[in-house]
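>>> just the structure for this:
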Amino acid sequence: MRYQRLTGVAVAALSIMCAGVLAAAAAPASAATFVPISGAGSTWSYPAIHAWIANVAQLGLPVNYTPNGSTTGRQEFAQGTVDWAASDIPYGLQDGNNFDPPPVRGFAYIPDTAGGTTFMYNLSSGTQRITDLRLSGTVIAGIFTNQITMWNDPKIVADNPGLTLPAIRIVPVVRSDGSGDTSQFTQWMLATQGSSWTAYCQVVGRTPCTQTSVYPVQPGTAMISQPGDVGVAGYVSQPQADGAIGYLPYSVALATGFPVAKVLNAAGYYTQPTAGHVGVSLLKAQINTDPTSPLYLSEDLSQVYTDPDPRTYELSSYSYMIVPTDTSLGFTTDRGFTLGTFGQFLLCQGQQQVDSLGYSALPINLVEAGFAQLQKIPGAQVPTATADFIKACNNPTFSTDGTNTLADTDPQPPACDKQGPTQCITAAGSASGSEPLVVTVPASGAFTFTVATGTVNLTVSGANATGALNPVTVSDTRNTVPGWSVSGQSADFAGSGTAAGGTISGNQLGWAPTDASLGAGATLGGAVTPASPGLGTTAAVLAQAHAGTGAGTSALSANLTLTIPATALAGPYASSLTLTAVTALP
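The predicted model follows:
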């Protein structure tokens, strides 16, 4: 892979006139600085967290994370060995006779990743692989409590009037280790299929009969337990595992290429856990606001399970970022400043890339709940007014005025997915009599990068000067879709005339990227605060598109803010902001 840097015409001139009164203005308060912070926990959330950490590293935020499991993450946070944790399970959950008490240190939950618990299956009828399986909640509970043991059971047949189901044994595959998947699944069964789960608890000798993170296996049945999501997916996807079905996150199932069952919802439609359907479902997620409850601030999904919207996927849930709300165990306000900035990024811009990873972008209600908790982190500097953070959030599920676009844009399920005598069926390929066809499509298309010419005049107001970057256009028509990135860096401002000899550091300039349009999958860079760290020493991302995204035209700009030192000489200053495009070539 070769890379090309384009900077030729990408230089924007900046000028500013400092009025005499500014020379006597008070200097701005010293800003907090980014310091290294560490986290640990959820493996399910790790792909998203890993991507976010890589993104914020370009903004100067040093964030580290160890994916060692939700339980370990909660323990390390409670002990103060990490600054934050990620967990699919909250503190205070009653798991049989086990109880994970909340830590002594103050803490809060912030939603980070959302998704669906899905049912991946390996099932064929003759030589045809079945890819359109539909399951009601009653049937799912029956399968995973060993009450329904054959694929041609009349209850499964009733869910699937368009399929010919084989007379083979069902092999339920569950997790052998503690997991958030098991906890979410058994919480759903307890809430919606309580009689089946209670009866199963009696069979396996589990008392009290609560939700659990470790699935109890009934001896003498076809049920198989496997460690980790990878273990479940690996077992189900084996050629010899015809008849197997396991529960796991949608992101894992997508990677295998195996189908997941459509699940019957409260509206009478069988739906899949698409990003939009999960997001619509979680609009009904509630937050436990009882401060006396051991599950204070954790999710309440009861209204998600009963939502009458036809698009909902019942087994939708989200995981948590656990953050401190005090400075015990060595936590500092500088760490809080970094953690608050990271949390703001993941709630907003970071949600733009999660759909492609198999998650679902957080809807507006969970983002608002997350910002309310971010404000409790000591040292965090995040907007406190709802309208302010919504306007700057750049989350794909809502607009800058707070309009819930997700509710309007997620499509309704097709009529054939409604419970009844019809069923949506997709054509299945045959394993016999086929002739392989091969074609090599040559690389084509081009990448262009242009910056509108002209001087950007910054207008002074108080201790700041503001303006807008000249339009930047990226066009990528290459069918190799290798991705691209545009970054910017400012030179120091040099004074002239009455300000001759004066200098204002380029680090005093910050920006907030904006767009008129973005190519498919492209994302804006994060805002850069003047002097924290500013655009002088280190280049910052204006926009980027990872490999496989960014096709089409992206029209970019940025709102610029220069913080003028009180010691700056009155007079004109000029600088240049160099914009550089980096693009991979086939």
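>>> any low-confidence regions in the stretch 351-500 of the chain?
Screening the stretch 351-500 of the chain residue by residue with the criterion pLDDT under 70, one finds the ranges 427-440.
>>> 80 instead?
In the predicted model of the stretch 351-500 of the chain, residues 427-441, 443 satisfy pLDDT under 80.
>>> all strands of the stretch 1-150 of the chain, in order?
Under the criterion DSSP state E, counting those that start in this stretch, strands of the stretch 1-150 of the chain are mapped to 2-6, 11-18, 37-41, 63-66, 84-87, 94-95, 98-99, 107-122, 124-125, 128-129, 134-135.
>>> helices or strands next to the third one in the packing?
Contact partners of strand 37-41 among helices and strands, from 3 or more C-beta pairs under 8 Å, 6 or more residues apart in numbering; DSSP states H and E: strand 63-66, helix 70-79, strand 84-87, helix 333-347. Heads up, the C-betas are built off the backbone N, CA and C, glycines and all.
>>> between those, which gets nearest to residue 198?
The closest of the helices and strands packed on strand 37-41 to residue 198 is helix 70-79. By C-beta to C-beta, the value is 25.7 Å.
>>> what does that closest one contact?
Residues from elsewhere that reach helix 70-79 (C-beta atoms under 8 Å, 6 or more residues apart in numbering): 39-44, 68, 82, 84-89, 91, 100, 103-105, 107, 178-180, 213, 319, 322, 324, 329.
>>> pLDDT-wise, which helix or strand of the chain ranks last?
Counting by mean pLDDT, DSSP states H and E, the chain has its least confident helix or strand at strand 11-18, which shows a mean of 45.
>>> now the closest residue to residue 511 other than its chain neighbours: how far from residue 541?
Among residues not flanking residue 511 along the chain, residue 558 sits closest, at 4.0 Å (C-beta to C-beta, 6 or more residues apart in numbering). For residue 558, the distance to residue 541 (C-beta to C-beta, to the nearest Å) stands at 11 Å.
>>> rewinding a little: how about a markdown table for the strands of the stretch 1-150 of the chain, with mean neighbour count and distance to residue 228 added?
Formatted as a markdown table, the strands of the stretch 1-150 of the chain follow (neighbours: other C-beta atoms under 10 Å; distance: least, C-beta to C-beta, whole Å):
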| stretch | mean neighbour count | distance to residue 228 |
| --- | --- | --- |
| strand 2-6 | 13 | 36 |
| strand 11-18 | 19 | 50 |
| strand 37-41 | 24 | 15 |
| strand 63-66 | 18 | 16 |
| strand 84-87 | 27 | 16 |
| strand 94-95 | 16 | 19 |
| strand 98-99 | 12 | 20 |
| strand 107-122 | 26 | 14 |
| strand 124-125 | 14 | 26 |
| strand 128-129 | 16 | 25 |
| strand 134-135 | 24 | 23 |
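>>> residue 224 is nearest to which of those?
Counting by C-beta to C-beta, and looking across all of the strands of the stretch 1-150 of the chain, nearest comes strand 107-122 at 12.3 Å.
>>> next, the angle helix 70-79 makes with the closest one.
Relative orientation of strand 107-122 with respect to helix 70-79: 170 degrees, computed using axes from the mean of the first three to the mean of the last three C-alpha atoms, to 10 degrees.
>>> is it possible to export the helices and strands packed on strand 37-41 to JSON lines including distance to residue 371?
Output for those, formatted as JSON lines (distance: least, C-beta to C-beta, whole Å):
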{"stretch": "strand 63-66", "distance to residue 371": "19"}
{"stretch": "helix 70-79", "distance to residue 371": "21"}
{"stretch": "strand 84-87", "distance to residue 371": "16"}
{"stretch": "helix 333-347", "distance to residue 371": "7"}
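>>> tell me which of these sits most buried.
The densest packing among the helices and strands packed on strand 37-41, expressed as mean neighbour count by mean count of other C-beta atoms under 10 Å, is seen in strand 84-87 with a mean of 27.
>>> show me the contact partners of that strand.
Contacting residues not belonging to strand 84-87 are listed as 37-42, 45-46, 49, 65, 70-71, 73-74, 76-77, 112, 180, 319-324, 339 [C-beta under 8 Å, 6+ apart].
>>> out of the strands of the stretch 1-150 of the chain, the one nearest residue 376 is which?
Comparing those by C-beta to C-beta, strand 107-122 comes nearest, at 5.2 Å.
>>> direction-wise, compare the closest one with helix 333-347 and give the angle.
Taking the same axes, to 10 degrees, one finds that strand 107-122 is oriented at 40 degrees with respect to helix 333-347.
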